[in-house]
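Participant: What follows is a predicted structure for the sequence shown.
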Amino acid sequence: MQLKRGLKPYARTLAVALSLAFVAGCSSGGGTQDGSMDGTRGGAGNGVAGSGVSGSQVGGTGFGSGAAGQEADGRIPQQRTIYFEFDSDRIRSEFEPVLASHARYLRENGNSRVVLQGHTDERGTREYNMALGERRARSVERFLSVQGVSPSQVEVVSYGEERPAARGQNEETYAQNRRVVFAY
């Protein structure tokens with residue numbers, strides 16, 4: 001029995017390391033180093049709405065600063081939106097630090113809860129987009145779970161194409177609508 005308890009921390013660490021290696025191996029290119037889709041940078045914001053993808057929507061911090069949307073004083077991470085490629089629920093590598101900061105916040109604040117809101121662009125049927133929005137949110141939920149976040153702290157909701165961040169029928173607006181939003 002003592003041996004079982006002694007291996008538990010190692011098993012958890014191994015599971016986290018393997019999951020991170022898997023996610024990193026499945027990453028795709030696109031966007032800029034600071035996580036923005038169009039290279040702009042800006043101030044604070046939560047990224048829930050807006051007419052353009054700017055640094056304020058995606059954190060506005062580069063990886064070099066070590067911030068990546070995280071708050072050192074226990075506040076909810078500033079960057080609350082991550083974006084996806086067309087017809088994909090795969091987490092892009094540039095958003096992994098954002099997800100890690102949310103996982104850290106949720107682990108350190110066990111009473112906090114988050115709703116992961118999955119969204120899509122308008123292409124595809126309503127039913128397909130609802131399912132894709134849920135798959136995107138579930139992908140983020142799995143990442144958080146591997147990082148040690150309690151399932152009781154996370155709720156998944158899909159809005160599909162019903163709540164666009166931007167209106168229009170071009171790739172720029174489509175890219176802004178393919179997202180998961182952290183709603184605390």
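Facilitator: Received the coordinates, thanks. Fair warning: this is a prediction, and the values are worked out from it, not measured in the lab.
Participant: Which of the three states applies to P164?
Facilitator: coil (DSSP: H, G, I helix; E, B strand; the rest coil).
Participant: tell me the phi and psi of it?
Facilitator: When read as degrees, to the nearest 10, the backbone of P164 gives phi -70, psi 150.
Participant: isn't it right next to R179, touching?
Facilitator: No - using CB atoms under 8 Å, P164 is not in contact with R179, being 9.9 Å away. Placement of C-beta: from N, CA and C, glycine included.
Participant: higher neighbour count, those two?
Facilitator: Each of P164 and R179 has its neighbours counted (other CB atoms under 10 Å); R179 has more, 26 against 18.
Participant: The chain: strands as residue ranges?
Facilitator: Using DSSP state E, the strands found in the chain span residues 81-83, 114-119, 154-160, 179-183.
Participant: So which of these is the most surrounded?
Facilitator: strand 81-83 (a mean of 26; mean count of other CB atoms under 10 Å).
Participant: Now do it: which elements does it pack against?
Facilitator: Applying 3 or more CB pairs under 8 Å, 6 or more residues apart in numbering; DSSP states H and E, we find strand 81-83 packed against strand 179-183.
Participant: May I have the strands that pair with the strand it packs on, each with its orientation?
Facilitator: With DSSP bridges as the test, strand 179-183 is paired with strand 81-83 (antiparallel), strand 114-119 (antiparallel).
Participant: thinking again about what came up before, name the residues contacting each of P164 and R179.
Facilitator: Common contacts of P164 and R179 (CB atoms under 8 Å, 6 or more residues apart in numbering): H119.
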